[in-house]
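# Give me the fold of what follows.
(chains A and B)
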Amino acid sequence: MVTLEDLRTPKKNTWCPACGNFGILMSFKKALVELGLERDQVILVSGIGCHGKMVNYVNINGFHGIHGRVLPLATGIKLVNPNLIVVGFAGDADCYDEGWGHFSHAIRRNINMTLIVHDNMVLGLTTGQTTATSQKGFKTKSTPFGSIPPMLNPIAHALVSHGTFVARGFSGDVGHLTNLIVDAIKHRGFAFIDVFQPCVTFNYLNTYSWFKERIYKLEEEGHDYTDRTKALEKSLEWGDRIPIGIFYKEEKPTYRNSLPHVEDVPLTKLPIEDIEITDLLESMM
Amino acid sequence: MKTNRLSLIIGGEAGAGITRSGFLFAKACLRGGLNVFGVNDYQSLIRGGHNFYTVRVDSDEVYSQGDTIDVLLALNKETILLHKDELVSGGGIVYDREDVTLTSEELSRDDLKTYSVPLKTIVKQVEGEPIMRNTVALGATVALLNYDPEILNGVIRDTFSPKVAESNIEVAKKGYNYAREHHADDFEYRLEKTSSAEKRKMFLTGNEAVGLGAIRAGCKFYAAYPMTPATGLLHFMAANERNYEIITIQAEGEIAAINMAVGASFAGARAMTATSGGGFCLMSEGLGMAGMTETPVVVMVAQRPGPSTGLPTYSAQGDLRFVIHASQGEFPRVVIAPGDVEECFYKTIEAFNLAEKFQVPAILLTDKYLVESHGTAEPFDESRVKIDRGLLLTRDEYTGEEEYKRHKFTEDGVSPRAMPGMRGAIVRTNADEHNESGYTTEDPELTTKMMDKRFKKLDILAKELERYETVKFYGSREAELTILGWGSTKGPIRESMKLLSSEDLKVNYLQIIYLNPFPAAKVQAILRPARRTVVVENNKTSQLSSLVREHCLITLDHKILKYDGRPFNPGELSRKIKEAL
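From the prediction side, this is the model:
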C-alpha cells in the first residue's frame, strides 16, 4: 500500500508559495494512502493550467492532456479499463470555460470516476484573467472595468445534470478535503468536487481569509444529501455564508452498467488476433 | 438484345426510400452473378428535394457509375424531367401514370419507352405503406428485364424483418405480374443469371468496409459525433458493438470524440474515430496530442466539398493538404487514401497496425463518393490479415530491470508501451514536452532529443512502408500517357481506361495510396520515364501535384480537376484525358 513518501516525484514544485493547489495535492495524496491503494492502480488525468502540473507531483500513472479536455480523455480511459481508478483534475477555466461543453455530458453519463476542479476563480498560469467563476465586477487584466456576467454555478449545474456525487471542498481545510476525496473515489459513479483554492498571486478578492469568513460545513448543519431539491437550494447560497461538503449523493447505474456485453471486462486485455467476422462478411453477400 | 449490361436510376423525394430500393435492385443483380456499382445522390434535407440512386450492372467488372442510363424508375415527375436526357435511345421509363401526368411535350423524346405501372393503386390494394411503391416498381422492372423475380424476393427477405419482407414481396409480385400482363415484351434490355452466381461476392459501402476492417483489426473503442458522410461508420460500429465486445459512444462533439479515443488507446485498447473536414478541424488539437504523447489512434476523414459547410452531402478531395499538416507543431503521422471498398478493408487494418507499431496517429482519408457508394468485391481474404501491435507490453506485470519509462529513448525511437494498470509500471505521458518518464520539461537539449526521438520513428516507418503496397500501378509500362490519382477517383479512372483502350489509346495509371510518408521513390520510378503525365483530382488546387513536386521534383504535364461535388463520369473523364494526349 502506498505511502506519502512513495508518491513523491523528482520534479521541483513550481507553484507560488502558499498556493491553494498545495492543499489539494496533499489531500489527494492522503486520500490515496487512506484508501490503501497502489500507485499503479490509479491514473491522474489533468488539463492545462497551474493545476495541470499535478501530474508532475504525484508519482502515479498520469496523462497531462490539453486545455479543457480532461473529461473526454478520462472517459475514454475509464470506459476501456474499468479496473483503473481514474481521477481527473481540472482548473476553473479548464473545466468551466474551455471544457464546459463536456461537463454536463460526463456527469449525466455517470462515468465511474472522480473530477476535482481547482477553482481559484481566476486564470493563474496566463497571469491573471477572468474565468467563468470570477465574481461579477472582478477586475483583471482582461477585464479592467470588471467582469460583466454573473459567475457560473458549477454545483447547481452538476445537480441538474443528474450528478450522483456533488461536493465542494476548500483547500485550506486539508482534513475535510481528504475525506471528501476518499468518499468521491469510493463512490460508484461520477464524483465531482469543486475545490475553493485561493490564488495568492492573481486573486486579490477570494483569499484564504475571504473563504474562511464565509464557508460552513453542510454536514454540521444537518443537510440531507439524499434530497436533490434541498441540495439545489444549498447550491444557490452565495455571499456571507457559503456551504462546503457533500451537497448530493446517490447510487445509480454507471454508464458501463448499461453495457451488458462488456460489463466489468477490461477491453484492453481482450485478444484481437483472430476476431471472427465471417457472419458479417456473409451479410454483405 | 442488350444482356447483362445496363445503368438504372431510381429517383424520388427524400424520405421515399430511394437508396434502399436502389440497393435491393443492385443486390439482386449481384446475386445473379453480375458486378454492380451503386451510388447515391441526395441533398441535405430529410423530406422533399430530389434523391436518386444509380446502379450500374455488368457481367464484366464495374468500378463506377456510367455517363448515361438505360432504365429510369421515376417515383415522381421531377425525376423524369431531371434525368430524361441522360437516357440512351431505346431506354425505358417506369412510372405511374395515375400519379404523374406527363405530356409528350414535357418528355420531348420520342425514342424512349415508357412503362406505366399503377404503383399507388397496387400499394393501396394491399393496404401497404406509400414507401412500398418503390418495391412495386422494382418488381415491374424485373419483369421488363426478364430477370428472375425469386432473386429479388430473396434479397428482400434478407434485408427486412419477416413481416415487412412478406408484404414487400407481395407488392413486388403484383408489380411483376402487372408489367407481364400489360406491357409488350419489347424492352431491349435483359438481365440473366450467369454462371458466376455460384461464386459469392460482396456488395458494400466504403463505410461498411472500413467498419469491417476496424472490427477485424480489433478496434475496441469507437467514439464519434454524427457528420455526413462518416455517419454510416458510426451506425455500423454501433450496430455491431454488442457482437464484438466493442464500446461505441456518440460523443458530445468531435473534440470529445478524439480525446476519448486517445484516452482509450492510451489505456491499451485499439481505438478509432471518424468525421468529415469540419469535424476534423475540431479534432486537430487532439490529433496533435496523440502525436506528442505517442498514442496510436486511427481517424477516418471522409471528405465533402468545402470550404466551411460547403455541400454537406456531396464529395470532394480538398482536404489532402489539411490532413497532412493538421495541428500545430511537427509530428509524424500516417495518411492513407484507399480507392475502393477492398482497400477500405485492408488499409484500415494497416492503419491500426502502423498506428500501434509506430505509436502515431493514422488517418484514413476517404470521401463521400467512396464511403457511401456500394461496390462489388471478392469476399475479403482473411489470410491476408495480420495483427501487429508493435512494442505493446501485454503481460500483467512489469518485470523490467529499471523503472518503466513511457517515453524511453531507444535506437529507433519507439518505446515499449505499457498499459496503465500494469503492476509495477507507472505509465505517464504529457501533452507538454516531457522527459522519458513523462514529466514536463522545458530543457532545450531534452526538447531537441524528444523531437528527434519522435521523428526517428518516421524514418523506420518509411522504411517499413517500402514493403507495403503504397502505390498501385495499372496498365502497361509502355504508354503514351500516365494518369496519376489518389482515393476515390480510382473507379472513374479505371472505367475511362477501359474506354480509351477500346479506342486503342495506351494509357497507364498510378494510384497513390500512402500520401504520408510520401512514397517518393516509387512515384519517381514511374513518373521519370513517363512520356506525358496527367493528374486527376476532385479539388481546385491539385493538391497531389504539389506533393509530387515537393517530394519528387517533378511537374506534372496536365491537370484534370473537378470540384462541383460530383464524381467524374468515365466518358467525361476519358474525353478530358484524350485532350491531354
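
# what sits against the nearest residue to B:Asn207 once chain neighbours are set aside?
Leaving aside its chain neighbours, B:Asn207 sits nearest to B:Gly232 (3.5 Å; criterion: C-beta to C-beta, 6 or more residues apart in numbering or on different chains). Placement of C-beta: from N, CA and C, glycine included. Applying C-beta atoms under 8 Å, 6 or more residues apart in numbering or on different chains to B:Gly232 gives the contacts B:205, B:207-208, B:371-372.

# So which bits of the host helix or strand of B:Gly232 are buried?
With elements taken from DSSP states H and E, the one containing B:Gly232 is helix B:231-240. Going by neighbour count (16 or more other C-beta atoms under 10 Å in any protein chain shown), the buried part of helix B:231-240 is B:231-234, B:236-238, B:240.

# Likewise for stretch B:104-124?
Neighbour counts over stretch B:104-124 (16+ other C-beta under 10 Å) mark B:112-120, B:122-123 as buried.

# which one among the residues you listed gets closest to chain A?
Using C-beta to the nearest C-beta, B:Val123 comes nearest to chain A of the buried residues of stretch B:104-124, at 28.2 Å.

# is it true that the closest one lies in a helix?
Yes - membership of B:Val123 in a helix is supported by DSSP: H, G, I helix; E, B strand; the rest coil.

# That one and B:Met132 touch, don't they?
Yes - taking C-beta atoms under 8 Å as the definition, B:Val123 is a contact partner of B:Met132 at 4.9 Å.

# re the thing from before, now, the buried residues of stretch B:104-124 that are in helices?
The helices, defined by DSSP state H, take in B:119-120, B:122-123 from the buried residues of stretch B:104-124.

# Quick one: name the residues of the stretch 151-285 of chain A near chain B.
Contact residues (C-beta under 8 Å from any C-beta of the partner chain) of the stretch 151-285 of chain A with chain B: A:259-262, A:265-270, A:272-273, A:275, A:277, A:279-281, A:284-285.

# Out of those residues, which end up buried?
Applying 16+ other C-beta under 10 Å to those flags A:259, A:262, A:265-270, A:272, A:275, A:277, A:280-281, A:284 as buried.

# Would you pull up the residue in the stretch 51-200 of chain A closest to chain B?
Distances between the stretch 51-200 of chain A and chain B by C-beta to the nearest C-beta are smallest at A:Gly76, namely 2.7 Å.

# Quick one: the helices in the stretch 101-250 of chain A, in order.
Applying DSSP state H, counting those that start in this stretch to the stretch 101-250 of chain A gives helices spanning A:154-160, A:174-186, A:208-214, A:228-235.

# Just give me the neighbour total for B:Glu78.
Look at B:Glu78: counted by other C-beta atoms under 10 Å in any protein chain shown, it has 17 neighbours.

# That one: what secondary structure?
Per three-state DSSP, B:Glu78 ends up helix.

# For the residue lying farthest from the centre of chain B, give me the pLDDT.
If you look at how far each residue of chain B sits from its centre, by C-alpha atoms, centre = their mean, the farthest one is B:Glu401, at 47.3 Å. B:Glu401 carries a pLDDT value of 90.

# how does chain B divide up, domain by domain?
Per automatic domain parsing, the domain ranges recorded for chain B read B:2-200, B:204-384, B:392-465, B:471-580.

# Surely B:Gly175 is in contact with B:Met132?
No - with contact defined as C-beta under 8 Å, B:Gly175 does not count as touching B:Met132 (9.7 Å).

# hang on, the earlier thing: relative to chain A, how far out is the residue nearest to B:Asn207?
Computed as C-beta to the nearest C-beta, to the nearest Å, the B:Gly232 to chain A distance reads 13 Å.

# if you look at the residues of the stretch 151-285 of chain A next to chain B, which of them are in helices?
Per DSSP H, the subset of these in helices is A:279-281.

# Could you dump those residues into a markdown table with distance to B:Ile151 added?
Listed next are those as a markdown table, based on distance: C-beta to C-beta, whole Å:
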| residue | distance to B:Ile151 |
| --- | --- |
| A:Asp279 | 22 |
| A:Leu280 | 22 |
| A:Leu281 | 20 |
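
# still on that earlier bit, who touches both of B:Val123 and B:Met132?
Taking C-beta under 8 Å, 6+ apart as the contact rule, B:Val123 and B:Met132 both touch B:Val171.

# rounded to a whole number, what's the mean pLDDT of whichever helix in chain A runs longest?
Determined from DSSP H, the single longest helix within chain A is helix A:21-35. If you average the pLDDT over helix A:21-35, you get 98.

# near chain B, anything from that helix?
No - Helix A:21-35 stays out of contact with chain B when judged by C-beta under 8 Å from any C-beta, the minimum separation being 13.2 Å.

# which element follows that helix toward the C-terminus?
The helix or strand immediately downstream of helix A:21-35 is strand A:42-46, counting by DSSP H and E.

# Tell me which residue in the stretch 251-400 of chain B sits closest to chain A.
In the stretch 251-400 of chain B, no residue comes nearer to chain A than B:Gly263, which is 2.7 Å away by C-beta to the nearest C-beta.

# I'd like to know how many residues surround the closest residue to that residue other than its chain neighbours.
Nearest residue to B:Gly263 in three dimensions, chain neighbours excluded: A:Gly76, at 2.7 Å (C-beta to C-beta, 6+ apart). For A:Gly76, the number of neighbouring residues by other C-beta under 10 Å comes to 34.

# Whichever strand or helix holds A:Gly76 - contacts with which helices or strands?
According to DSSP H and E, A:Gly76 maps onto helix A:70-80. If you count contacts as 3 or more C-beta pairs under 8 Å, 6 or more residues apart in numbering or on different chains; DSSP states H and E, helix A:70-80 packs onto strand A:42-46, strand A:85-91, helix A:100-109, strand A:114-119, strand B:219-224, strand B:247-250, helix B:254-267.

# Quick one: closest of the ones you listed to B:Ser7.
Comparison of the helices and strands packed on helix A:70-80 against B:Ser7 by C-beta to C-beta identifies strand B:219-224 as nearest, at 33.7 Å.

# Just want the angle from that closest one to helix B:231-240.
Per axes from the mean of the first three to the mean of the last three C-alpha atoms, to 10 degrees, the angle that strand B:219-224 makes with helix B:231-240 is 130 degrees.

# could you dump strand B:219-224 to CSV, C-alpha only?
Extracted in CSV, the C-alpha atoms of strand B:219-224 (Å, rounded to 0.1, in the frame of the first residue of the first chain):
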residue,chain,number,x,y,z
CYS,B,219,-10.9,-1.9,-32.6
LYS,B,220,-12.5,-2.0,-29.2
PHE,B,221,-13.5,1.6,-28.8
TYR,B,222,-15.2,3.8,-31.3
ALA,B,223,-16.2,7.4,-30.5
ALA,B,224,-17.7,9.8,-32.9
